[in-house]
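Novice: here's my sequence, what's the structure:
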Amino acid sequence: MSIKEVVLFRLPQFIQSHILGKFQANSKLKRLQLNSEFKSVPYHKNDIEQHFKAHPFSPNFHLFNTEVNIFEVSEWRKDYHNNIVSPIDYYGKIKRQDFNKNGDIKFVAELSRFEFLPFLAFEIAVDDHSKNSNALEKILTDWSLQNPFLNSIHWTSGIEIGIRTVNLIYTHFILNHFDKLTQTIDEEIRQQLAYNYKYLKHHLSLFSSANNHLMAELMGLVIISSYCNIEEKESRRWIKMFYEQIEKQVNNDGVHMELCPRYHAEVTDQVLIGLTFLKQSNHQIPIETSNALKSLFKFTEHVQYYNIDTVFGDNDEGCVINPYFAEGFSLFESQLKTSNHLFNTSFNVNNTFDFRNYLIFGSAYQSKASKKLEADTIFENSGYCFIYDHDKKMKLSIDMGPIGDTISAAHGHSDIFHFNLQIENRPFIIDSGTYQYHSNKTFWRDYFRGITAHNTISVNHKQHATNNGRMSWINCPETTIDGFTSSNQESSCKGTTNAFNSENVIHSRHFSVEKQHQNITIIDTLTSDTNKNKNVSFYLHFHPNVNIIESSDGSLILEHDNKKIQLKNEFFNNKKLVRGDKNAPLGWYSSSFNKKIETQTLVLTLEMKQRLQIETIINYNV
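Specialist: Numbering: from 1, shown residues only. Okay, here's the model as predicted:
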């Protein structure tokens with residue numbers, strides 16, 4: 001942390017939360033007035049009825065693996081999974097990771113993002129006899145009473161306030177558009193927007209905190225400035241900062257700097273929504289900013305294949321807009337539909353009605369179906385490589401890049417040279433997932449983000465970087481992409497890392513895909529300039545539904561439903577298969593946040609001195 005950061009950010013941050021906030025908390029802010037020049041998107045009753053007919057609105061909101069009926073919520077500071085209610089307290093005193101007092105912050109915060117509110121507003125708009133207007137009023141008034149400004153856990157995180165702001169504004173202008181906006185709802189939302197604006201302008205995540213949180217905070221300020229009457233000088237400041245962060249946070253290859261597909265998607269929506277609101281308030285978007293948004297979708301194209309998501313790094317299933325009741329909704333596919341609509345791209349999507357895009361664009365949204373196939377691609381700045389054999393419906397996803405962003409690698413994992421392999425909609429070789437963020441799950445947090453939870457190699461049991469707590473890494477290594485080739489017959493990718501410099505070892509991994517023979521060859525080469533013995537650990541993680549058949553020649557057959565692949569490696573006679581080891585730990589898979597189940601992990605423990613080469617051959621046409 002630099003002196004500049006301490007003086008210009010950390011110290012003012014401390015003064016704000018420990019001194020100034022105490023005065024601000026007791027102030028009554030005037031409700032914001034609406035911007036008369038803001039042009040709301042047009043909605044039509046028939047469109048909404050069409051979607052609700054196929055996907056009926058439901059009050060049952062999923063908090064990860066816990067379901068909550070929004071009409072039955074009585075405590076808006078409650079962790080409904082662990083049955084703990086956070087007390088009212090001054091926000092500067094609240095320790096978000098104090099589980100005994102506040103519960104799991106993810107479960108507390110997620111419900112108050114209000115992702116259900118715009119869709120509840122749509123339901124009210126199309127049902128002339130709906131009683132849900134009273135329910136919505138109650139949600140807003142109860143929330144306000146239970147969360148006084150700066151006096152609850154819901155005033156401790158700008159990203160939550162930014163996302164909550166989006167859903168409050170959408171709710172307001174949907175009801176206003178259909179003439180269903182009651183005086184109570186109008187006053188409650190405009191009052192909350194005043195508080196949200198006050199909070200966000202004093203709590204921006206700057207310097208080493210400038211990641212997806214800052215983008216969400218600036219999104220909140222930009223859309224409030226667009227929808228409401230905000231002093232012009234301040235409004236220009238937020239817009240300028242928003243554009244600057246888009247430039248900083250979107251890598252040249254179009255991947256968000258944190259290098260996590262789910263956070264990439266969340267930031268894509270933050271950028272999209274902020275720019276959409278600016279357009280609706282008659283702002284001209286710079287061409288370079290529009291191009292940055294367009295570039296984000298190029299990576300999104302490669303995240304999902306046959307309904308299987310490629311997830312590297314952290315994944316907490318975060319959304320800004322979430323039509324949670326729509327069966328089969330995919331944020332990644334929905335965003336590709338956004339690109340096809342905005343930029344006339346031809347990403348592979350279906351033609352079904354998309355409520356997320358309808359909320360953003362209204363009746364102007366035109367769904368454009370496409371069957372375009374993904375091409376082998378490498379994102380050179382970010383290090384992601386995707387290789388396809390569409391004839392066999394095979395996708396190989398490779399991480400050859402750095403660990404997270406260059407600030408703190410906050411959401412990155414120790415996963416250099418990790419890869420996933422799927423055939424059709426059957427995942428065979430997988431990423432272990434995320435499971436949890438909370439400090440009371442540090443043991444498991446360290447495992448799921450650590451090197452042993454990924455399909456890679458460790459030398460002398462070292463991570464690729466130094467663990468700096470549950471949300472960051474330091475001493476991150478350099479990783480280079482040494483080559484990438486692609487053709488209809490064969491594609492390859494090679495990289496080198498100095499992650500094990502402390503052990504005097506350089507690690508290179510070379511992937512080669514022979515599509516005509518349906519073979520993937522992975523060659524690991526480890527070299528050292530010392531003759532000292534080193535321990536090398538090689539890991540492969542298999543999907544829980546994969547059945548492993550061991551052959552007499554040491555090869556393995558992996559069977560998932562009626563699909564099979566074969567793995568060969570001269571060292572497999574020395575392998576160990578581990579399932580659900582709670583002590584190491586090893587052999588675990590997290591398919592979604594706060595969920596983990598047993599799976600099988602293959603471990604090879606080898607010795608090397610100056611050179612070791614490990615060749616693994618995967619045949620995916622068994």
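Novice: do you know how far Ile481 is from Phe379?
Specialist: 10 Å (CB to CB, to the nearest Å). (Each C-beta comes from the backbone N, C-alpha and C, glycine too.)
Novice: who touches both of those two?
Specialist: Cys385 (CB atoms under 8 Å, 6 or more residues apart in numbering).
Novice: more neighbours: which of those two?
Specialist: In terms of neighbours (other CB atoms under 10 Å), Phe379 is the more surrounded of Ile481 and Phe379; the figures are 21 against 17.
Novice: now for that one: which residues touch it?
Specialist: Asn251, Asp253, Gly254, Val255, Phe299, Cys385, Gly401.
Novice: give me phi/psi at Lys564?
Specialist: Phi and psi for Lys564, reported as degrees, to the nearest 10, are phi -130, psi 150.
Novice: so it makes contact with Ile618?
Specialist: No: look at Lys564 against Ile618 with CB atoms under 8 Å: they stay out of range, at 11.3 Å.
Novice: neighbour count winner among the two?
Specialist: It is Ile618, of Lys564 and Ile618, that has more neighbours when counted by other CB under 10 Å, with 24 against 18.
Novice: what strand or helix carries that one?
Specialist: Using DSSP states H and E, Ile618 sits in strand 611-619.
Novice: ok, now Ile387?
Specialist: Following DSSP H and E, one finds Ile387 within strand 384-389.
Novice: and if you look at Ile523?
Specialist: Using DSSP H and E, the element containing Ile523 is strand 519-527.
Novice: that strand to strand 611-619, inter-axis angle?
Specialist: Counting by axes from the mean of the first three to the mean of the last three CA atoms, to 10 degrees, strand 519-527 lies at 170 degrees to strand 611-619.
Novice: tell me the buried residues in strand 519-527?
Specialist: Within strand 519-527, the residues scored as buried using 16 or more other CB atoms under 10 Å are Asn519, Ile520, Thr521, Ile522, Asp524, Thr525, Leu526.
Novice: count of neighbours near the residue lying closest to Glu188 once chain neighbours are set aside?
Specialist: Of all residues not flanking Glu188 in the chain, Leu140 sits nearest, at 4.1 Å (CB to CB, 6 or more residues apart in numbering). Residues near Leu140, counting by other CB under 10 Å, number 21.
Novice: ok, Asn468 next?
Specialist: That count, for Asn468 with other CB under 10 Å as the rule, works out to 14.
Novice: partners of the closest residue to it other than its chain neighbours in the sheet?
Specialist: Closest residue in space to Asn468, ignoring its immediate chain neighbours: Ile474 at 4.5 Å, by CB to CB, 6+ apart. Under DSSP bridges, the beta-bridge partners of Ile474 are Thr466.
Novice: report the contact partners of Ile474.
Specialist: Here Ile474 is in contact with Ser408, Ala409, Ala465, Thr466, Asn468 (criterion: CB under 8 Å, 6+ apart).
Novice: if we can go back for a sec, mind listing residues that contact the strand holding Ile618?
Specialist: Looking at strand 611-619 with CB under 8 Å, 6+ apart, the contacting residues turn out to be 421, 457, 517-528, 536, 538, 565-571, 604, 606.
Novice: ok now the lowest-mean-pLDDT helix or strand in the chain, how far from the chain's centre?
Specialist: Ranked by mean pLDDT, DSSP states H and E, the helix or strand of the chain with the weakest confidence is helix 3-5, at a mean of 88. How far helix 3-5 lies from its chain's middle: 29 Å, per CA atoms, centre = their mean, to the nearest Å.
Novice: do stretch 364-375 as well
Specialist: For stretch 364-375, the separation from the chain centroid amounts to 23 Å (computed by CA atoms, centre = their mean).
Novice: ok, now stretch 464-483?
Specialist: The answer for stretch 464-483 is 19 Å, by CA atoms, centre = their mean.
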